[in-house]
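**Q** no sequence for this one, just the structure:
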């Protein structure tokens, strides 16, 4: 079974703090994704990566950056957290054109 | 334009009845994939069913079936014999294959409540 883990289930941060969200997968998948999920808006793609050190902007990259130094690890960075970044963050991985995406358990981030 | 449209923010169904959750999609690609996911209140996304654009038969997985109407660009999820545990958010998604890899597009979701 594919396992995707995220560093925290719940996180509370202050405005202006630098926030790191980590995602680790154990199936050697090439593609990794970060989404944020907000009520009524569904999942929106922030960034994705199709190889080590490669990254592509998704639909809402502003205020975020990512890092993929190793194939199994994809980090989402909030350089200076703001209250409008309070959300649920989901990491996902996939490999190939037919497979589904496999999701981590999500991180609920609250920025005060 | 929205890539995936789910027009039902909330649905109710009586236990043991069937329910259809609507999904329409927008793409100019010939090759694409359609997915449905379930998200219980715990937050994890659970893959339910997949339909490829070239698949002629509707996909089925246990009590889930996907009613694929390519000309209408619709991919509705049918849940038969609803159970209380089916109460959750349901998301329709589409995969397009890009030069830089696959990209998924998700709908806004439908909240399903199963009534005893």
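**A** Yep, that arrived. No experiment lies behind these values; they were computed from the predicted model shown.
**Q** Could you use CA atoms for every contact and neighbour count after this?
**A** Noted.
**Q** list the buried ones in the host helix or strand of residue B:113?
**A** According to DSSP states H and E, residue B:113 maps onto strand B:110-115. Buried residues in strand B:110-115, counted by 16 or more other Cα atoms under 10 Å in any protein chain shown: B:110-114.
**Q** of all the residues you listed, which comes closest to residue B:61?
**A** Ranked by distance to residue B:61 (Cα to Cα), the buried residues of strand B:110-115 are led by residue B:112 at 18.6 Å.
**Q** and chain B, which of its residues are near chain A?
**A** B:9, B:33, B:35, B:43-47, B:50, B:52, B:91, B:97, B:100-102, B:105-109 (Cα under 8 Å from any Cα of the partner chain).
**Q** now do 10 Å
**A** B:6, B:9, B:31-37, B:42-52, B:89-93, B:95-97, B:100-110 (Cα under 10 Å from any Cα of the partner chain).
**Q** show me where pLDDT drops low in chain B?
**A** By pLDDT under 70, the low-scoring segments of chain B are B:100-101.
**Q** burial of the residue in it positioned nearest to chain A, as a residue count?
**A** Nearest residue of chain B to chain A (Cα to the nearest Cα) works out as residue B:108 at 3.8 Å. Residues contacting residue B:108 under the criterion other Cα atoms under 10 Å in any protein chain shown number 24.
**Q** Ok, residue B:66 next?
**A** Residue B:66 has 25 neighbours, counted by other Cα under 10 Å.
**Q** which residue packs closest to residue B:68, ignoring adjacent ones?
**A** Nearest residue to residue B:68, sequence neighbours excluded (Cα to Cα, 6 or more residues apart in numbering or on different chains): residue B:75, at 4.6 Å.
**Q** Would you map the strands across chain B?
**A** Listed in chain order, the strands of chain B (DSSP state E) span B:4-5, B:10-14, B:19-21, B:24-25, B:32-39, B:46-52, B:60-61, B:64-69, B:74-79, B:88-98, B:101-106, B:110-115.
**Q** Next up, the contacts around the residue in chain A that chain B sits nearest to.
**A** At 3.8 Å from chain B, residue A:42 is the closest residue in chain A, using Cα to the nearest Cα. Residues in contact with residue A:42 (Cα atoms under 10 Å, 6 or more residues apart in numbering or on different chains) are A:35-36, B:6, B:89-92, B:105-110.
**Q** can you check residue A:108 too?
**A** By Cα under 10 Å, 6+ apart, the neighbours of residue A:108 are A:8-12, A:36-37, A:86-90, B:43.
**Q** from those, which has minimum pLDDT?
**A** For those, the weakest pLDDT value sits at residue B:43, with 89.
**Q** Below-threshold pLDDT in chain A: ranges please.
**A** For chain A, the stretches flagged by pLDDT under 70 are A:2, A:96-98.
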